[in-house]
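quick one: sequence and predicted model below, then my questions.
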Amino acid sequence: MNDPVVTRYAMLADLAQIVDLHTRARLAYYQAGGLAADAVQTPTVREDQRTGWTEAIESPHKRVLCATVGHEIVGVAAMGPPLESAPDTSRAGQLYQIHVVPGRWGNGIGGVLHGTFLDYLADAGLSLGLIEVWERNTRALAFYQRYGWRPDGGSRPGPDHSRYLFLRLALTGDHRTVQ
């Protein structure tokens, strides 16, 4: 019998599992994009991940949700207010990241976590979603495109002469319907 994917708020007790999951997912998509493991994961990056996830879990303005199957954390998502101010960000929320255990990609876990972001936008009365995606992470770009995300023309520098692309998701009255 297959256990369903269930989401719950992350706790500090989940931190080691979240950092491990984040590391595994990050290594998989950066290596698929042509980067070597030692260019992606260092002790400094690992410590930065611990610090960032701790701050996000403890923040009253951010949500961190774990996707679980049985007792195993198989995905994580972080969201909250936009990281940078822009003219229309007063009506926006930002999906900082979604990560799924690489061996479980394609099983709907990312979709469940994406749904938690849509719920966050609806709960906050927001009509615009923002995210940055590494241009070489073609799997993630295709995932977000399926959900209606579109490039807004902006980007910032990424590793190895690449870019992080800025995507937007405009919502209609029903938070599950995108324009």
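Arrived safely. Residues are numbered from 1 along each chain as shown.

name the residues that touch the helix or strand of the chain with the lowest mean pLDDT?
Ranking every helix and strand in the chain by mean pLDDT, DSSP states H and E puts helix 37-40 at the bottom, with a mean of 82. If you take CB atoms under 8 Å, 6 or more residues apart in numbering as the criterion, helix 37-40 is touched by Arg26, Leu27, Tyr30, Gln31, Pro159, Asp160. Every residue, glycine included, has its C-beta placed from N, CA and C.

redo those as a markdown table? Include pLDDT.
Below are those laid out as a markdown table (pLDDT from 0 to 100):
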| residue | pLDDT |
| --- | --- |
| Arg26 | 92 |
| Leu27 | 91 |
| Tyr30 | 88 |
| Gln31 | 88 |
| Pro159 | 91 |
| Asp160 | 90 |
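
put the alpha carbons of the least confident helix or strand of the chain into CSV.
The C-alpha trace of helix 37-40 is given here as CSV (Å, rounded to 0.1, in the frame of the first residue of the first chain):
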residue,chain,number,x,y,z
ALA,A,37,30.0,18.4,-7.0
ASP,A,38,32.9,20.3,-5.3
ALA,A,39,31.8,23.5,-7.1
VAL,A,40,28.3,23.1,-5.6
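
for the helix or strand just after it, buried residues please.
Next in sequence after helix 37-40, counting helices and strands by DSSP states H and E, comes helix 43-58. Residues of helix 43-58 classed as buried: Gln49, Trp53, Ala56, Ile57 (neighbour count, 16 or more other CB atoms under 10 Å).

next one: stretch 7-27
In stretch 7-27, counting by 16+ other CB under 10 Å, buried: Thr7, Ala10, Asp14, Leu15, Gln17, Ile18, Val19, Leu21, His22, Thr23, Ala25, Arg26.

what's the single longest helix in this protein?
Longest helix in the chain, counting residues (DSSP state H): helix 15-32.

what's the angle from it to helix 43-58?
Here the directions of helix 15-32 and helix 43-58 differ by 130 degrees (axes from the mean of the first three to the mean of the last three CA atoms, to 10 degrees).

shaky segments in the protein?
1, 86-87, 173-179 (pLDDT under 70).

show me where it has strands.
Taking DSSP state E, the strands of the chain run over residues 5-9, 63-69, 72-80, 92-100, 128-134, 150-157, 163-170.

and those: which comes nearest Leu35?
Closest to Leu35 of these is strand 128-134 (CB to CB; 9.6 Å).

good, we can wrap up now.
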